[in-house]
Each structure stands twice: as structure tokens, then as C-alpha cells.
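In: Provided below are the primary sequence and the corresponding predicted coordinates.
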2 protein chains.
Amino acid sequence: MALVNEHLLKLPENYLFTDIVKRVNSFKVTHPQARIIHLGIGDVTLPIPKACVEAMQKAAGELGNPNTFRGYGPEQGYDFLIEAILKHDYAAHGIYFDANEIFISDGSKSDTGNIGDILRHDNSIGVTDPIYPAYIDSNVSCGRAGTLEKDGKWSNVVYMPCRIENNFIPEIPKQRIDIIYLCYPNNPTGAVLSKSELKKWVNYAIENDALIIFDAAYERYIQDPDIPHSIYEIKGAKKVAIEFRSFSKTAGFTGVRCGYMVIPKEVTAATLEGKRIPLNKLWLRRQSTKFNGVSYITQRGAEAIYTPEGKEQVKAMVQYYMDNARIMKKMLSKTGIQFFGGENAPYLWIKAPDNQTSWKFFDKLLYEAQVVSTPGVGFGPSGEGYVRLTSFGERHQCEEGIQRICQCL
Amino acid sequence: MALVNEHLLKLPENYLFTDIVKRVNSFKVTHPQARIIHLGIGDVTLPIPKACVEAMQKAAGELGNPNTFRGYGPEQGYDFLIEAILKHDYAAHGIYFDANEIFISDGSKSDTGNIGDILRHDNSIGVTDPIYPAYIDSNVSCGRAGTLEKDGKWSNVVYMPCRIENNFIPEIPKQRIDIIYLCYPNNPTGAVLSKSELKKWVNYAIENDALIIFDAAYERYIQDPDIPHSIYEIKGAKKVAIEFRSFSKTAGFTGVRCGYMVIPKEVTAATLEGKRIPLNKLWLRRQSTKFNGVSYITQRGAEAIYTPEGKEQVKAMVQYYMDNARIMKKMLSKTGIQFFGGENAPYLWIKAPDNQTSWKFFDKLLYEAQVVSTPGVGFGPSGEGYVRLTSFGERHQCEEGIQRICQCL
């Protein structure tokens, strides 16, 4: 008889965002007239840049023409997109990679999940807490997270708390960890790491022979010129870090699906006998077995982000969302409520007043302000007592949503 | 120290199609003037249908408009595409599914690889031999295939030979197997299963509590009205089979990337304690952790395949490739060489004369006819002594390629 992967059964039945949808739906039943404003899920609302639309329409046309048709593309991605990434995202900042150190994908959710395929099932993992839930869930699925303990933590996961007391900056762990997940600018807290903070992590990884999974999906939202956009701005990082980038929040590609991974040739992990294996080559092997590349049309769309028009349009888009954040922060600051983030990230991390739980405050905002937030506890134990608001909404929605929140506080 | 997944290291260094590219490149160095014709890799050459191009251009335009913009789509796929699939691919043939039994994906290579995530690492697997190599490689990657034996076979894989003696139709295995891979119309042999043959497999799976992974990527190429297009034409299959479909060969989507999986609610596998778990729910959980859906643009393109214009254009495309196959077969039949397939599939399976090995015959065709084929042994031990030719080329290329082959035989 065929047997299931029982690790998958360990996952809690409900996924954070499914839970939210359920609560919102019950609210709608009893409040059919309510005009709900969604400031919860981190999805964008602005249309994708004109440059990208035009590039994709042209690319679709090429596939319909016998002289320009293309079939299977390279699993790693087309050179035109890889070259644009190397030039604009890295060389322009003094960081140099070869083309085969970049892997184009359908987004960071797939990438951060699939990267586990090339790593042993019993590596220990370390996560900042709170954290994007899919990092842990994908490790649970293959058994790497261990078992769920009574305190809501997984046995093989080291949680690095990010709380008010440490300004949401995790402390370097005292023990060894094999694989560390870092996401900066951070989802959900909106915190960023300075160069000196990030350097501590790279040094830790070098000293402890650890691997850093660095998710930089929100790097475009960094406003402060001193904050690093890439982990490779830190010396030595090429030996210990894999970086993930996404076009979802950069250019509104949440429905287009494109991102990329940087695996420097220097990054290795070991066999049980201690032989060092380059992860770049291993990932290529994984991809050529289980992946067949990203749509040509999508890759042409992503390439357009790097044209002069595309750059301007992306800049305006990021500016719009960060203006939302500024407006939201300004209004919130009049209420006396404690909140964080929104400076270098599209997320505001709000402390629930009177030590309310995340879900209680979530319900209060839903029932009294008709605003949907995301309960912080859904991102991990240290998220308890917070909710996350995003600045990805339309301007008038953000304004009205925050106004209603301010009134109900 | 971070440890690698050592199962991945068991995979032979080179992938079949990479090996071919290497041999062709060495040939080019010594024969720079040769006009090589590629009848090897199974990639299409006709442009995608006009209906699909227009639908994708329209969809790209929608994403660039604030009133019609869409962000994250459903992980399972958009209803509009699922409804079209249910109606045209199944209900039209008397097979009925609910919308949540269909999962839209970026193609069957990803799907047939990723499905392993929901199954235990020590299920035994059965494959027809020869077979599409990625099925085995994805099982090797997670340890499920066991270890590579001296005879080139994996220890936990049951090979079901498809040879001249059994007309390339595999016999029902005498032992129990947990998971069985079937691909019909077959890549690489071009063989098909009649209803009564397919029924034997469904019955075997029911009796042995096995799971069938049924890859129907080439179902559009079936010409004979008695050959089943879907495994669900067989009674009882909904309990034991997952079906994979792809738009790659149906509509030239190899570079667009879209396919789908059918997981009926009735299909289950067991926990070690014997509890039955529906695989549909388990796959949804896997997808919501590690996947974020297929591009909206791509899904609109796929939907257009089911419009009246799209259907006509797809039909003409399939007809063109099958006409290629007919022409190729007609010419080959004059040479006295033994060949198979090409009746209900775009593949011709050619027996190398004089008991030559696959690679020897491959070299002969490359050096004497400047035609690239695919060595049959690359698809498994029983493929030794064969090469595969595809009818996916342009008409004049297929004609000239076969003409040259006929001359050198």
C-alpha cells in the first residue's frame, strides 16, 4: 500500500491566511452592509509597470510568430534577464557574480520551500521569531522541523525572539545552528539590519559553518542609504549565504510570478564524511530534475523592470506604498499606540493595547473598524500581542482604514 | 555544519539531454559546415495558437490597468481555467470532477517531481522501461529509488520492460508495488494502452492498494477512437490514480509553462498505522506551503485553448505534427528498418540495425546523416538498441532529416 509523507500531517490544519478569511467571512454574515478594508494580506494593489506590460505583450506576440517562436527555455533562466540582474542589482553596487550563480524562478515562496530539497532532513534550523510561516512549514513537511512541542514551537527549530526589548533585532544564538533564515527588510516587523548587525550574522555563519537563507524580497523598500540591500555587501557572505529576491513586491508581480535566487559558487555544505559540496551545482541538478524554467513572457516582463522606463515606474510604485506607510504612521502616532516598521519596509507592526492577544485585537479591529489586519501570533510565538498592517493598499483605503482604527482605539 | 541531501549526489553527473548536447558540440567542432537537423529533443516548433497569444496579451493589459489588476491568484488555479478543463477535457467525455480536484501548475515536469513530497520516502516504485528519466531522478533525489546497482537499475525500483516481444506493452508485475508510473501515449516508445490493457492496471492498483501516477501529456496525439485519453475512463480509477496533463505538447506551451494535475477526492494513501489519508487535501497543503500559483497571463492563455478558435488551432497543430510522423514513417518503411510508434504519439522508436547500441547508432546518424536523435538507452536499460525520433520538427526538416537517415541506412 502506498504510504503518505506523515510529516505533512504534522502541519496544523489551518494556514494563517485561511484562518483570517474564515473569520472575515463569519463577520460578513452578521454584518452584510459593512465596507471592509483589507490591510492584512501582503498583496499589492497598483497595476504592474507599463514597461512590463508592453514587454510581455511583445513576448506573447513573438511566441505566436514562427520566426520568433521559442520552446523550452533554459532551466536557470534566460541570459537576457540574468544579465540585467547581474548588472543592475549587483554590479551597480560593486557586487559581482557569474551568470550561472543566478537562478530565475516563479517566486520566493517556491524557492525558499524548494531549497530544502538539497539539504539533509536533519539539519537544525534557526528562525527569527516572528517569521513568514512558510519557512517553517516547508521544513515541517520534510521532517526537518522535528515535532511540535506544547509551547507551539518545533523541536528542531531554534527561535530567535525579536521583541521590543531588543528593538526587533535578533541576538546571535549561543548554540550552533546549521541553517538560519533571515528576512530583511523584515516581514512582519518591518525591522531592518544595519551593516554591522548583518556582519555579525555572516561572521557567526563562517565561525559555525552555518548556511544563511537570506530573503531580500523587500529590499526595494529600503529608504535609509546605510542599510544593506544584499547580504553580499558583507565580506565573506559569498561563502555562507544564499540570497532570494522577488519581483512580487518590487514590481507588482504577485500574480505574474517571478523571482530569483543567488547561489554563489563558494557556498558549500558537507556530506556526513565532511566532503564539501558546492550548493550551486546541487541546486542546478535539482532544478533540471524537477523544474522546467519560467515562462519566456514572464522573463521578458521582469527584464523590463531594469529599463530606464521600468526603473522609473518601479520607483514611483515603491514611493506610493511608502507614502502610504508615512501617512499611516503619522495618523497612528497621534493615538499613543505603540507601532514599529514602515520606515524601510511596507509593514507596520502594531502593539495591541492593554496586553490584548493578537486575535483579540484582530477581532476588535474587524468588528469596530471593519479593518482586516494580520494577527502577529500567526508569525510565531513572539508575534503574540501584535498585528501587522500593510501599506500595499490603495491610498484612500489606507487613509480610511487607519482613520477608522484611530477612532476605535 | 549544514549537511547536504546526499541522495542528490547519487544521481549520475550527466543528464541525458546534456550528454547529447556535448556530443553534438564535439561533432560541430570537427564539422563546422554541417547543417545539423534536430529530431532528438521533444520540443515543439510551431508557434502557439493565435487565440492563446491574444488572450495573453489581453491579460497582460489587464494587469497594467488599475481597474482590472490582479495580485496573488489562488494556489490551485483560477476558476475560469479549471471550469474549462472540467467541461472540455472531462465532462465532454462523461467524466465528472469537482473544481477542487484540479490543480493548475507550471507543467508536468514540476508536478511529477513534486508529487513525491506527499508520499513516504520508502514506498516502492514501478516504472515502465524505457521511461522519461525525470520520474526516476526525482525519486532518487529523495532517497526513494534506493541505490544504483551494477546493472544500471535502482534497488527500490521495479522495472517493467517494454520490448518488441511484448509489443512495448508492460506486463502486470507479479509482486506488489506501492507507486506505479505510467505514461500513455508513451514517451519514448509511442505505444498506447487499449482500454482493456489500462483496465488491468487499474485493477492491479485496486487489488494491491497501489497508487498510479498517470502522465497523459500526449493524449491529444491519440488518433484511434478506441484508445482512452484519460485513466478515468476506466471504472475504479478515481480511487487509485492521479492524472497529469500538460499544455506543452497540446498547444506549444513548452516555453509558456502550464499543465495540471487531477487528484480525485477518493484517492488515498495510508499512514503507517493504516489510516487512509486523502491525497487531494495533502497536495493542497503542500501547494499552499511551497507554491504560489501560475501566472494569471499564462492561465488566460491556457483557457483560450478551449475556445472554438483555440480548439481549431490546436487541432491543426496536432495534425501538422502527426502528418510529419506519417511522412517519416512512410519514408522509413522503405528501408526495411524496424520502427514503432508514430500512430498515436509524436514519437518514433527506431530499432538500431545489426544490434548496434543506442549511442553507436546515435553517432552513426549524427556523423553520417547529421541528424540528432535521442539514444533509447537514456530512457532505461530496455531502451538499449533503440533511438527516439520526434515529429515535432518543421516539415522540411523532418523530410530532409528522414531522407538523410534513409540514405545512410
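Out: That came through, no problem.
In: tell me how far stretch A:43-53 is from the chain's mean position?
Out: Here the centre of stretch A:43-53 is set off from its chain's centre by 18 Å, with C-alpha atoms, centre = their mean, to the nearest Å.
In: So which residues make contact with it?
Out: By C-beta atoms under 8 Å, 6 or more residues apart in numbering or on different chains, the surrounding residues in contact with stretch A:43-53 are A:248-249, A:251-254, A:256, A:301-302, A:304-305, A:307, A:309-310, A:313-314, A:317, A:320-321, A:392-394, A:397, B:60-61, B:63-66, B:69, B:71-72. All C-beta atoms are positioned from the backbone trio N, CA, C, and that covers glycine.
In: how would you label the spatially most central residue of chain A: helix, strand or coil?
Out: Taking C-alpha atoms, centre = their mean, the centroid of chain A lies closest to residue A:217, which sits 4.8 Å from it. Under DSSP: H, G, I helix; E, B strand; the rest coil, residue A:217 falls in the coil class.
In: what's near enough to touch it?
Out: Contact analysis of residue A:217 by C-beta under 8 Å, 6+ apart lists A:108, A:183, A:187, A:244, A:245, A:246, A:248, A:249, A:259.
In: Just give the closest residue to it, not the sequence neighbours.
Out: The shortest distance from residue A:217 to any non-neighbouring residue, by C-beta to C-beta, 6 or more residues apart in numbering or on different chains, is to residue A:246 (4.2 Å).
In: State the distance from that neighbour to residue A:34.
Out: Residue A:246 sits 33 Å away from residue A:34, going by C-beta to C-beta, to the nearest Å.
In: Please apply the same query to residue A:16.
Out: 22 Å.
In: Which of those two has more residues huddled nearby?
Out: residue A:16 (19 against 13; other C-beta atoms under 10 Å in any protein chain shown).
In: Nearest spatial neighbour of that one, chain-adjacent residues omitted?
Out: Nearest non-adjacent residue to residue A:16, counting by C-beta to C-beta, 6+ apart: residue A:378, 3.7 Å away.
In: What about that neighbour, how many residues nearby?
Out: Residue A:378, neighbours per other C-beta under 10 Å, totals 22.
In: Over to residue A:238?
Out: Neighbour count of residue A:238, defined by other C-beta under 10 Å: 21.
In: can you tell me which residues contact it?
Out: A:232, A:264, A:266, A:267.
In: one more time with 10 Å
Out: Taking C-beta atoms under 10 Å, 6 or more residues apart in numbering or on different chains as the criterion, residue A:238 is in contact with A:95-97, A:101, A:202, A:231-232, A:262-267.
In: Pull the contacting residues for the residue in the stretch 301-409 of chain A that chain B sits nearest to.
Out: Among all residues of the stretch 301-409 of chain A, residue A:301 sits closest to chain B, at 7.6 Å; criterion: C-beta to the nearest C-beta. Contacts for residue A:301 (C-beta under 10 Å, 6+ apart) come out as A:48-49, A:51-60, A:81, A:247, A:251, A:253, A:256, A:258, A:295, A:310, B:60, B:63, B:295, B:297.
In: Put the buried members of those into a ChimeraX selection.
Out: Applying 16 or more other C-beta atoms under 10 Å in any protein chain shown to the contacts of residue A:301, the buried members can be selected in ChimeraX as follows:
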select /A:48,49,51,52,53,54,55,56,57,58,59,60,81,247,251,253,256,258,295,310 /B:60,63,295,297
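In: Show me the contacts of residue A:301 that map onto helices.
Out: Those of the contacts of residue A:301 mapping onto helices are A:51-60, A:81, A:251, A:310, B:60, B:63, B:297, per DSSP state H.
In: how long is stretch A:90-110 from one end to the other?
Out: Taking C-alpha to C-alpha, to the nearest Å, stretch A:90-110 runs 23 Å from one end to the other.
In: same check, this time on stretch A:167-174
Out: The straight-line separation of the ends of stretch A:167-174 (C-alpha to C-alpha) is 19 Å.
In: That stretch near chain B anywhere?
Out: No. Using C-beta under 10 Å from any C-beta of the partner chain, stretch A:167-174 stays clear of chain B, with a minimum separation of 14.5 Å.
In: buried stuff in that stretch?
Out: So for stretch A:167-174, counting by 16+ other C-beta under 10 Å, buried means A:168, A:169, A:170.
In: Rounded mean pLDDT for it, please.
Out: Averaged over stretch A:167-174, pLDDT sits at 97.
In: now that stretch: how far from the chain's centre is it?
Out: Its chain's C-alpha centre and that of stretch A:167-174 lie 19 Å apart, by C-alpha atoms, centre = their mean.
In: So which elements touch the helix or strand of chain A with the lowest mean pLDDT?
Out: Of all helical and strand segments in chain A, the minimum by mean pLDDT, DSSP states H and E falls on helix A:16-30, at a mean of 90. Packed against helix A:16-30, as judged by 3 or more C-beta pairs under 10 Å, 6 or more residues apart in numbering or on different chains; DSSP states H and E, are the following elements: helix A:133-141, helix A:358-369, strand A:371-372, strand A:374-375.
In: Tell me what angle the one helix or strand residue A:403 maps to forms with helix A:358-369.
Out: Following DSSP states H and E, one finds residue A:403 within helix A:395-408. Going by axes from the mean of the first three to the mean of the last three C-alpha atoms, to 10 degrees, helix A:395-408 is angled at 100 degrees with respect to helix A:358-369.
In: What residues of helix A:395-408 count as buried?
Out: The neighbour-count check on helix A:395-408 (16+ other C-beta under 10 Å) flags A:397, A:398, A:399, A:400, A:401, A:402, A:404, A:405, A:406 as buried.
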